[in-house]
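> only geometry, no sequence info:
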């Protein structure tokens, strides 16, 4: 049945995160941004809480290999939809906090998709004892100073020496890259082979020859760490080649690692919608509280129209997020829809933040206590950049619209 | 649970209307356009399928299906010929207005014969707009003054859809002059009533097969029983009517958008320049990607709003969803049709192809419902929690007159 109402579970998740966001996360948002850090105690509390929100068919990342919790096989999964709803609410509260939550992060999907059973046990096992021990992260290192959107252009090299691989090169803009216990690092045996030459490694913290470069000073998402990784004759044991040699006989192995984006893009889109909604609501409430709506000032109609345009553009983006996650839950291939949601949401939310500041006037740009609008304006732009820029999403969509289009 | 899957009944209805649209409407689009009317055999066929009667309550002889089914059907019609979708028989906008503003008894009295024998020739019309605003006070120029027997209506209405084919009208007129837009009323009038004169037919940019015209009322007497009071709040009820009607038009707009996108995509797949299909150039492919997002997001928003009404969600929620959906769909369909003509190049401008018609129809459609600007005022006012000013949230002729 065509339906757009949330299930009981989803409503509970949404309400729970919304009040956590409003009463706990939002009040610390600006100080986290200034201190460039999410307090460890908060992350620990949050992780405990998040276990309660998890859908029945999601496996705890630290328990990879464990059987999913019992669920009714006749009941369709709504995991992706629930995740999108949760992601929107968390980003509404604080997007940098969400990116800083311990766990395998973006490094999880390629290991789950390509890793050998032994690798899964080893690398997911790292997160097992976070309740008692230190917090841990995983990360995904693909982008280089000379290659971002054009993944085939990566130049970090790898060569086999004995039972080790030797890596040389640099990775940049890696979320949680410096503090990560391990990074999934993409390198090439020979740039002239294109994608067929690519290999993915799990490089552990402390591996000789692996150093952390610059920690980036960013426009937004400042509470979240973005790092440069440097590999100088970094020697990685052959057991850390993701999927083992067998995975690279064809280029499918690498493609599997890339396919992880189909599931993460709608979530990134949902986060963008969350930030955009935060900005929209801020501007709406500002207009309500600060403008003299009882007086017939003609400009109010113009302000109202501007607000409405922001609102409906976000709603359109959200509909594409729901569509993409609905397809994922139903097991329908959704690469095109995932990219559509990301392309639309990145732009809609950026538009929302720009418009919201304009609507609030001078007040909108103040970086004072509890004035978060200027922060969201700084946070949002990267949502149209990471996980594939808006243009890259359009390349993905185009290839699925046009007959016989392999590349531009 | 969030779901994009129509139920079995909806899917069956959608498919049969899609077949009808493809086999019966699409091949004759230009004929309807030239004749400025949908052919009688097509009207009869549509009536036989019950296309116009789906939303009519069972008590009035209809099928009592919800708005979700309506928007599924209307998209299919719009994707074949948006103009014909206005020219197919049935209670249409008139029926929706009577259902929203009238009592059950009034609905039965004025709507039941649409489902009866001869229904394929019956049309109703909503006489709302006027060609110029009232200069000395807020409200309509057309008045309905109290008389001993009820009311006497005087005035001229413009931009009335089905003006010539309708045998009955719902006329909006000023009852209490001093109350401005809060003082209007709605009256049911038969075309046969003395003093009703159907005037000139409008020549329009698009939707040529739809019948738009003027209707004059010269001392037309109506009884109290034929006034629709709109329940507790007339402005709210009128707004609900325009909202639901706008969703139907928005669904047709989604159909136009989809059709325009599809033929543009096909053209870019086959037309070659500089040694390859033009769709293999980024500027062209990216434009198509953006239009694809327009089509899909517009459809989902329309579904969501239709579902909000069917599921009886709080009225505020349904109204906001509707205003957002319609405003987005109208603008999206215009972008798609515009792009479709542009991507065709010179051939898009020539009437041998359908592209130019889609572009004219898309703009015309956007004026057959409260405009995107008016709808934005509705959603903003509701979300800001300010009182609904009928002058701002109803599509009054004070600013941007619309076809009803």
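In hand now; what should we look at? Owing to the predicted nature of the structure, the values given are computational and were not obtained by experimental measurement. Numbering: from 1, shown residues only, chains lettered A, B, ... in the order given.

> any idea how far residue B:269 is from residue B:280?
According to Cβ to Cβ, to the nearest Å, residue B:269 and residue B:280 sit 9 Å apart. Just so you know, the C-beta spots here come from the backbone N, C-alpha and C atoms, and that holds for glycine as well.

> so what sits against both of those two?
Taking Cβ atoms under 8 Å, 6 or more residues apart in numbering or on different chains as the criterion, residue B:269 and residue B:280 both touch residue A:402.

> please say which of those two ends up with more neighbours.
Remark: of residue B:269 and residue B:280, residue B:280 carries more neighbours, 22 against 18, as counted by other Cβ atoms under 10 Å in any protein chain shown.

> who's in contact with the more buried one?
Taking Cβ under 8 Å, 6+ apart as the definition, contacts of residue B:280 comprise A:402, A:404-405, A:408.

> also residue B:308?
A:4, B:317-318, B:321-322.

> can you pick out the most distant pair from the contacts of residue B:280?
Spatially, the most separated pair among the contacts of residue B:280 is A:404 and A:408, at 12.5 Å (Cβ to Cβ).

> what's the weakest-modelled helix or strand in chain A?
Sorted by mean pLDDT, DSSP states H and E, the helices and strands of chain A end with helix A:252-259, the least confident at a mean of 61.

> C-terminal to that one, what's the next element?
Next along the chain after helix A:252-259, taking DSSP states H and E as the criterion, comes helix A:261-290.

> is that following helix anywhere near chain B?
Yes: Helix A:261-290 is in contact with chain B by Cβ under 8 Å from any Cβ of the partner chain, via A:284, A:287-288.

> hey, where'd the helices end up in the stretch 1-150 of chain B?
Secondary structure of the stretch 1-150 of chain B by DSSP state H, counting those that start in this stretch: the helices cover B:8-20, B:29-35, B:40-49, B:67-87, B:92-101, B:104-111.

> out of the ones you listed, nearest to chain A?
Closest approach to chain A among those (Cβ to the nearest Cβ): helix B:67-87, 5.3 Å.

> packing partners of that closest one?
Contact partners of helix B:67-87 among helices and strands, from 3 or more Cβ pairs under 8 Å, 6 or more residues apart in numbering or on different chains; DSSP states H and E: helix B:8-20, helix B:29-35, helix B:234-270, helix B:282-310, helix B:355-365.

> the third one: what's the following helix or strand?
By that I understand helix B:234-270. Helix B:234-270 is succeeded, C-terminally, by strand B:272-273 (DSSP H and E).

> wait, does that following strand contact chain A?
No: against chain A, strand B:272-273 shows no contacts by Cβ under 8 Å from any Cβ, the least distance being 11.9 Å.

> which residues are in contact with that strand?
For strand B:272-273, the surrounding residues in contact (Cβ under 8 Å, 6+ apart) are residue B:278.

> next helix or strand past that strand?
Per DSSP H and E, the first helix or strand lying C-terminal to strand B:272-273 is strand B:276-277.

> for residue A:118, which non-adjacent residue is spatially closest?
Excluding the flanking residues, the one nearest residue A:118 by Cβ to Cβ, 6 or more residues apart in numbering or on different chains is residue A:239, at 7.5 Å.

> picking that back up, and the helices of the stretch 1-150 of chain B as CSV, adding distance to residue A:299?
Converted to CSV, those look like this (distance: least, Cβ to Cβ, whole Å):
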stretch, distance to residue A:299
helix B:8-20, 44
helix B:29-35, 43
helix B:40-49, 47
helix B:67-87, 35
helix B:92-101, 33
helix B:104-111, 42
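
> can you pull the contacts of the most centrally placed residue in chain A?
With distances taken as Cα atoms, centre = their mean, residue A:268 lies nearest the centre of chain A, 4.8 Å away. By Cβ under 8 Å, 6+ apart, residue A:268 lies in contact with A:87, A:342, A:345, A:383, A:386-387.

> also residue B:263?
By Cβ under 8 Å, 6+ apart, the contact set of residue B:263 is B:340, B:354-355.

> one more: residue B:363?
B:205-206, B:334, B:337 are the contacts of residue B:363 under Cβ under 8 Å, 6+ apart.

> just how off-centre is stretch A:177-194 within its chain?
How far stretch A:177-194 lies from its chain's middle: 19 Å, per Cα atoms, centre = their mean, to the nearest Å.

> residue A:216: how many residues sit nearby?
16.

> hmm, I was thinking of residue B:398
Neighbour count of residue B:398, defined by other Cβ under 10 Å: 16.

> that one in helix, strand or coil?
Judged by DSSP: H, G, I helix; E, B strand; the rest coil, the three-state class of residue B:398 is coil.

> same thing with the one 5 residues further on?
The three-state label for residue B:403, taken from three-state DSSP, comes out as coil.

> repeat for residue A:173
Here residue A:173 is recorded as strand under three-state DSSP.

> distance of the residue lying closest to it once chain neighbours are set aside relative to chain B?
Leaving out its chain neighbours, the residue that sits closest to residue A:173 by Cβ to Cβ, 6+ apart is residue A:143, at 5.1 Å. The gap separating residue A:143 from chain B is 21 Å, by Cβ to the nearest Cβ, to the nearest Å.

> what residues are up against residue A:143?
Applying Cβ under 8 Å, 6+ apart, the residues near residue A:143 are A:171-174.

> starting at the chain centroid, how far to the helix or strand containing residue A:109?
Using DSSP H and E, residue A:109 sits in helix A:108-114. The chain centroid and the centroid of helix A:108-114 are separated by 15 Å under Cα atoms, centre = their mean.

> tell me which strands and helices the helix or strand just after it is in contact with?
Toward the C-terminus, helix A:108-114 is succeeded by helix A:117-125 as the next helix or strand (DSSP H and E). Helix A:117-125 sits against helix A:108-114, with contacts defined as 3+ Cβ pairs under 8 Å, 6+ apart.

> domains for the chain, by residue range?
You didn't pick a chain, so chain A it is. Using automatic domain parsing, the domain ranges for chain A come out as A:8-103, A:108-249, A:258-401.

> the intended chain is chain B.
According to automatic domain parsing, the ranges for chain B are B:8-121, B:124-228, B:234-393.

> including mean pLDDT, could the ones you listed go into a markdown table?
Formatted as a markdown table, the domains of chain B follow (pLDDT from 0 to 100):
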| stretch | mean pLDDT |
| --- | --- |
| domain B:8-121 | 95 |
| domain B:124-228 | 96 |
| domain B:234-393 | 96 |
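
> most tightly packed of those domains?
Neighbour counts (mean count of other Cβ atoms under 10 Å in any protein chain shown) averaged over each of these peak at domain B:234-393, with a mean of 22.
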